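S.K.: A structural model of the following input is requested.
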Amino acid sequence: MGQEGRDMYELAKRIFPICRSITGDGVRETFRILREQCPEIKLFEIPSGTQVFDWTIPKEWNIRSGYLEDEAGSRIVDFAWNNLHILGYSTPVDTWMELPELSEHLYTLKDQPDLIPYTTSYYKERFGFCMSQNQKDALKPGKYHAVIDSELKDGSLTYGELLIPGESKEEIFLSTYICHPSMANNECSGPVLMISLAKELLAMKKRHYSYRLIFVPETIGAITYLSRNLPYMKEHVIAGFNLTCVGDDRTYSLVESRYADTLADKVMKNILSYHAPDYQNYSYLQRGSDERQYQAPGVDLPLVCFCRSKYHVYPEYHTSADNMDLISAEGLQGSFDVMKKVIMALEHNRKYKITCLCEPQLGKRGLVPTMSNKETYQQTLALKDIVAYADGTNDLIDLSNLIHVPTDHIIPILEKLIETGLLTEAES
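M.R.: Numbers count the residues shown, from 1 in each chain. This next block holds a predicted model:
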């Protein structure tokens, strides 16, 4: 395992305790920590009330504390114990209620009775408490003191952007979200992977493509970003990837674009077919994250969603069980390795053409052994197959699919063939 996995896990541990939402100081505190690692990230604040397509940016929400206690003063739930205990975007409250009235403000998961659910009410003002079904069942008749010290005010929505220029103005687009409270896979894994990828991209000596990396609140943040950048992105983005739930080590998952026909589909399927042949492939009908916005009719960005265990599928999703024990340095490293292979494949994804007729004499150029037997034939088969299919119609990913060799194995062979003058990039 590389150092990236360990670094990502440690960064996830730092941001895990923060109570984030689609707006507020929790988001800003998360960015403060992320920008320690990548100060190049630029922050934007979009005021409450701003119209973004069919949506309006809501009031900013911040919370200081919250608890529920019985008449004896015993705490039932406390925001300080777990920030999932308070309904996201709860209005402030300080009142006593009988159990029947209180029950209307309690949220549980009947089919997972030991877990606290993640529940929100962004666009209708209400207050509430989240607890396990077992906790709710144990409540006795009587009065309960409900306290939530929160604030809804005209403020702003915060998002982050990192633009990394390359030789071309054509862009690779990467998106993740910052908007959930303490959930490790569903929240923390995406931003920490993005930070590691940003470092990798910034360290590259040469980049063919430009890269657009954004950190947005899910749904409303993606819509906000598109409302400000869509015309340029439609002209320049050639492939995009929504990164979410990338920290566990159970499986790998791909959510296709709407018609599964983009460059992003093509490269991700290729990379995963070698890196994790048993990966889970989901159609766009099983969408659920910001690919809903990026692939919406009229937006039509060429984008897929990449996960380890997919949202809505793994049982800990949107519950208190999505904690730091669910993700691992190894799981994060696996996601980093996949995305690095995707980036390198795209960077080298040209159509290539052989420069001579018939098979070239490879031995005189030091590309194959001058002694020939069955072993040396097998060892050089990939090189010979590349030459055989480099007819100017196949790009790197096509070659990989045709000759059944991973792109990261083909790239150094292509570089040797180009260096010896046997291969050239075909005119597009």
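
S.K.: and the residue nearest the centre of the chain, bridged to which residues?
M.R.: Residue closest to the mean C-alpha point of the chain, counted by Cα atoms, centre = their mean, is Leu243 at 1.4 Å. Beta-bridge pairing for Leu243 (DSSP bridges): Phe306.

S.K.: Can you tell me how far it is from Gly190?
M.R.: Separation of Leu243 from Gly190 (Cβ to Cβ, to the nearest Å): 5 Å. Quick note: C-beta positions are derived from backbone N, CA and C, even for glycine.

S.K.: overlap in contacts of these two?
M.R.: Listed contacts common to Leu243 and Gly190 are Thr176; contacts here mean Cβ atoms under 8 Å, 6 or more residues apart in numbering.

S.K.: which of the residues in the helix ranked longest in the chain are buried?
M.R.: Secondary structure of the chain per DSSP state H: the longest helix is helix 329-347. Neighbour-count burial for helix 329-347 flags 329, 331-347 (criterion: 16 or more other Cβ atoms under 10 Å).

S.K.: Where in this protein is the helix or strand with the lowest mean pLDDT?
M.R.: Sorting the helices and strands of the chain by mean pLDDT, DSSP states H and E puts helix 374-379 at the bottom, at a mean of 53.

S.K.: roughly how far out does the helix or strand just after that one sit from the chain middle?
M.R.: Counting by DSSP states H and E, the next helix or strand C-terminal to helix 374-379 is helix 381-389. Put simply, helix 381-389 sits 35 Å off its chain's centre (Cα atoms, centre = their mean, to the nearest Å).

S.K.: Helix 381-389 packs against which elements?
M.R.: helix 396-403, helix 407-419 (3 or more Cβ pairs under 8 Å, 6 or more residues apart in numbering; DSSP states H and E).

S.K.: Which of those sits closest to Ile220?
M.R.: Ile220 lies closest to helix 396-403 among these, at 34.4 Å (Cβ to Cβ).

S.K.: What residues of the closest one count as buried?
M.R.: For helix 396-403, the neighbour count (16+ other Cβ under 10 Å) marks Leu396, Ile397, Asp398, Leu399, Ser400, Asn401, Ile403 as buried.

S.K.: now do stretch 226-242
M.R.: Leu226, Ser227, Leu230, Met233, His236, Val237, Ile238, Ala239, Gly240, Phe241, Asn242.

S.K.: need the helices and strands packed on helix 381-389 in JSON lines with mean pLDDT and distance to Thr380, can you?
M.R.: Listed next are the helices and strands packed on helix 381-389 as JSON lines, based on pLDDT from 0 to 100; distance: least, Cβ to Cβ, whole Å:
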{"stretch": "helix 396-403", "mean pLDDT": "97", "distance to Thr380": "13"}
{"stretch": "helix 407-419", "mean pLDDT": "94", "distance to Thr380": "10"}
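
S.K.: Switch these over to a markdown table; also include distance to Gly298.
M.R.: Formatted as a markdown table, the helices and strands packed on helix 381-389 follow (distance: least, Cβ to Cβ, whole Å):
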| stretch | distance to Gly298 |
| --- | --- |
| helix 396-403 | 28 |
| helix 407-419 | 32 |
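
S.K.: what about Ala296, how many neighbours?
M.R.: Ala296 is flanked by 15 other residues according to other Cβ atoms under 10 Å.

S.K.: Over to the one 3 residues further on?
M.R.: By the criterion of other Cβ under 10 Å, Val299 has 17 neighbours.

S.K.: and it, what does it touch?
M.R.: Val299 neighbours (Cβ under 8 Å, 6+ apart): Leu226, Leu230, Lys234, Gln293.

S.K.: Can you flag which of those belong to helices?
M.R.: Those of these mapping onto helices are Leu226, Leu230, Lys234, Gln293, per DSSP H.

S.K.: domain parsing for this structure?
M.R.: Following automatic domain parsing, the chain resolves into domains at 3-58+156-347, 62-153, 351-425.

S.K.: Buried deepest among these, which one?
M.R.: Ranked by mean neighbour count under mean count of other Cβ atoms under 10 Å, the domains of the chain are led by domain 3-58+156-347, which reaches a mean of 20.

S.K.: ranges for the helices of this structure?
M.R.: 3-15, 25-37, 99-103, 133-137, 189-203, 220-236, 263-275, 291-294, 329-347, 374-379, 381-389, 396-403, 407-419.

S.K.: By mean pLDDT, show me the worst of those.
M.R.: Ranked by mean pLDDT, the helices of the chain end with helix 374-379 at the bottom, a mean of 53.

S.K.: and stretch 181-199, C-alpha only, in CSV?
M.R.: The C-alpha coordinates for stretch 181-199 follow below in CSV (Å, rounded to 0.1, in the frame of the first residue of the first chain):
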residue,chain,number,x,y,z
PRO,A,181,-22.0,15.4,9.2
SER,A,182,-20.0,12.5,10.8
MET,A,183,-20.2,9.8,8.2
ALA,A,184,-16.8,8.3,7.0
ASN,A,185,-17.5,6.6,3.7
ASN,A,186,-20.5,8.7,2.5
GLU,A,187,-18.8,12.0,3.4
CYS,A,188,-15.1,12.0,4.3
SER,A,189,-13.8,9.6,1.7
GLY,A,190,-14.6,11.8,-1.3
PRO,A,191,-12.8,15.0,-0.2
VAL,A,192,-9.7,13.2,1.0
LEU,A,193,-9.4,11.3,-2.2
MET,A,194,-9.8,14.5,-4.1
ILE,A,195,-7.0,16.1,-2.1
SER,A,196,-4.6,13.2,-2.9
LEU,A,197,-5.5,13.4,-6.6
ALA,A,198,-5.0,17.2,-6.6
LYS,A,199,-1.5,16.7,-5.1
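
S.K.: Nice, that's everything, thank you.
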